[in-house]
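*Asks:* Need coordinates for the below:
(one chain, ligands or ions: 1)
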Amino acid sequence: MAQCLGESDGLTFWLATMQDYDEVMAISEDIYGGNDYLPHRYHSWMTEPDRVTIIARRDGQLVALESGLVVDGGTTVVVEGLRVCPSERGHGVAGVIQRMTDRYIKQVYPNVNTKRLTRGDDPGPEKLSKFIVLARRAVLSLCGEAESFKNFVLALKAKFGSLEKSDGSAKPQLTVLKDKHHLKAVLLDPGLSSRLQLPAGSIIQDWQPLKPVESNLEVLNRRNLTWLVDSSNDTPIFMSLYTPPYPVPFNGGSWRVNIDMYGEDLSLAKNALITNLEQVSKIYGIVFVHIYMPQSLWEGLRTFCEGDGGMKQYRDYWEQLFLESEMCRSGY
Ligand SMILES: CC(C)(COP(=O)(O)OP(=O)(O)OC[C@H]1O[C@@H](n2cnc3c(N)ncnc32)[C@H](O)[C@@H]1OP(=O)(O)O)[C@@H](O)C(=O)NCCC(=O)NCCS
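*Replies:* Residues are numbered from 1 along each chain as shown. From the prediction side, this is the model:
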């Protein structure tokens, strides 16, 4: 049974339910150029612990959605999924639903004092003035036919092999962190943040920022990630997180792969990229690969991925912005 949370600006606000799926999809056409994660995630959002998803209706019609996940031991809400139906855009509806969501979250989770979000566009300093810009990460976006994906990875492997040979020096290897206790020890190591230069001391996994604290391990554990670190010693200087491919709406059905990299060693980044891409399976149609990294790695990885093999860079340099604002008592 849908629960009404209140009214404002001619809109009514409700906790989203499974039954709202089709209406949410109807307002989501073409979002993120067909790379929208919500069609795939919506159902799991409905049952995810400490997540609140709110929809707005005007005259019964669904017109907007926003979601928030309470993390960092209950002190932070990460807001995601914001969207407004095309006919209502440009009239402040996004602001109204954001304020309602903030207020509701503050009411249900009074210990939340910080709001965090990531976004892929930069509206300029004036619009960002209500936030602290915690970090900017570079994004390399590739796209190609799933059929040629294996050849692309083979070509990268060959290129990496010949680079290694010509260089001659012994390169640190990568290890998959399979053991939960090992992963926990690495993530909770107080030196991790400075060694990997984590953005504002956080890990951003497929656009979701989380502090490396014990309570977030369970959140990360839900995501079926592959963690890679350099195995030179117990204090890694490089880490990558691979989010398994998931379907996105582009062209009636495509796939999206996300890799988040931390640390500035280009050789490790290339090696991690190959290891991660070798894991990709069961894809068809078009595949998008988004790699998020420190700015210093971008050009090196771009040229590494350039050339043969079927996957092409389909967007110029772009950035993931990591933003924060305070959550006041009233939610504003
Ligand atoms: C981005 C989108 C939600 C904006 O909705 P809108 O109602 O047209 O927004 P408006 O331009 O009227 O701006 C209203 C408020 O929303 C805020 N806003 C706009 N875009 C935003 C964004 N991407 N992230 C966070 N806040 C945003 C504005 O700062 C403004 O806030 P204020 O009222 O507190 O000053 C809408 O264009 C949309 O659904 N786009 C497709 C989905 C998308 O790109 N979502 C972005 C997720 S990061």
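*Asks:* Closest approach to the ligand from the protein, which residue is it?
*Replies:* In the chain, the residue that lies nearest the ligand is Gly95 (2.2 Å; CB to the nearest ligand atom). In short, each C-beta sits where N, CA and C put it, glycine included.
*Asks:* Then that residue would be within a strand, right?
*Replies:* No: if the criterion is DSSP: H, G, I helix; E, B strand; the rest coil, then Gly95 is helix and not within a strand.
*Asks:* give me the number of residues near it?
*Replies:* 11 (other CB atoms under 10 Å).
*Asks:* Look up how far Glu264 lies from it.
*Replies:* 37 Å (CB to CB, to the nearest Å).
*Asks:* For stretch 224-243, give me every contacting residue.
*Replies:* Residues from elsewhere that reach stretch 224-243 (CB atoms under 8 Å, 6 or more residues apart in numbering): 172-177, 183, 185-186, 189, 191-192, 195-196, 203, 205-206, 223, 244, 257-263, 265, 268-269, 272-273, 275-276, 279.
*Asks:* cool, stretch 128-141 as well?
*Replies:* Here stretch 128-141 has contacts from 116, 120, 122, 199-200, 202, 204, 288-295, 297-298, 301-302, 305, 313-315, 317-325, using CB under 8 Å, 6+ apart.
*Asks:* at 6 Å what do you get?
*Replies:* For stretch 128-141, the surrounding residues in contact (CB atoms under 6 Å, 6 or more residues apart in numbering) are 199-200, 290-293, 295, 298, 301-302, 314-315, 318-325.
*Asks:* What pairs with the one helix or strand Ala56 maps to, parallel or antiparallel?
*Replies:* Per DSSP states H and E, Ala56 falls inside strand 51-58. Using DSSP bridges, the strands paired with strand 51-58 are strand 11-15 (antiparallel), strand 61-71 (antiparallel).
*Asks:* ok, and for the longest one, which residues are buried?
*Replies:* By neighbour count with 16 or more other CB atoms under 10 Å, strand 61-71 contains the buried residues 62-71.
*Asks:* Could I get those in CSV, plus columns for distance to the ligand?
*Replies:* Output for the buried residues of strand 61-71, formatted as CSV (distance: CB to the nearest ligand atom, whole Å):
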residue, distance to the ligand
Leu62, 12
Val63, 9
Ala64, 7
Leu65, 9
Glu66, 8
Ser67, 11
Gly68, 12
Leu69, 15
Val70, 18
Val71, 18
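*Asks:* In those residues, find the pair that's most separated.
*Replies:* Farthest-apart pair in the buried residues of strand 61-71 is Val63 and Val71; separation 27.5 Å (CB to CB).
*Asks:* isn't Gly263 right up against Leu196?
*Replies:* Yes: Gly263 is within contact range of Leu196, at 5.0 Å (criterion: CB atoms under 6 Å).
*Asks:* Need the nearest residue in space to Val70, chain neighbours excluded.
*Replies:* Nearest non-adjacent residue to Val70, counting by CB to CB, 6 or more residues apart in numbering: Asp50, 4.2 Å away.
*Asks:* How about the backbone phi and psi for that neighbour?
*Replies:* Main-chain dihedrals, Asp50, degrees, to the nearest 10: phi 60, psi 30.
*Asks:* Tell me how far it lies from Gly161.
*Replies:* 45 Å.
*Asks:* just Asn224 next, same as before
*Replies:* Taking CB to CB, one finds Asn224 at 29 Å from Gly161.
*Asks:* Tell me which helix or strand Ile105 sits in.
*Replies:* helix 93-108.
*Asks:* Gly90 too?
*Replies:* Per DSSP H and E, there is no helix or strand for Gly90.
*Asks:* didn't Ala64 look like it was pressed against Val84?
*Replies:* Yes: using CB under 6 Å, Ala64 is in contact with Val84, at 4.5 Å.
*Asks:* any shared contact partners between the two?
*Replies:* With CB under 6 Å, 6+ apart, Ala64 and Val84 have common neighbours Val93.
*Asks:* rewinding a little: starting from Asp9, give me the distance back to the residue of the chain closest to the ligand.
*Replies:* When Gly95 is compared with Asp9 (using CB to CB), they lie 9 Å apart.
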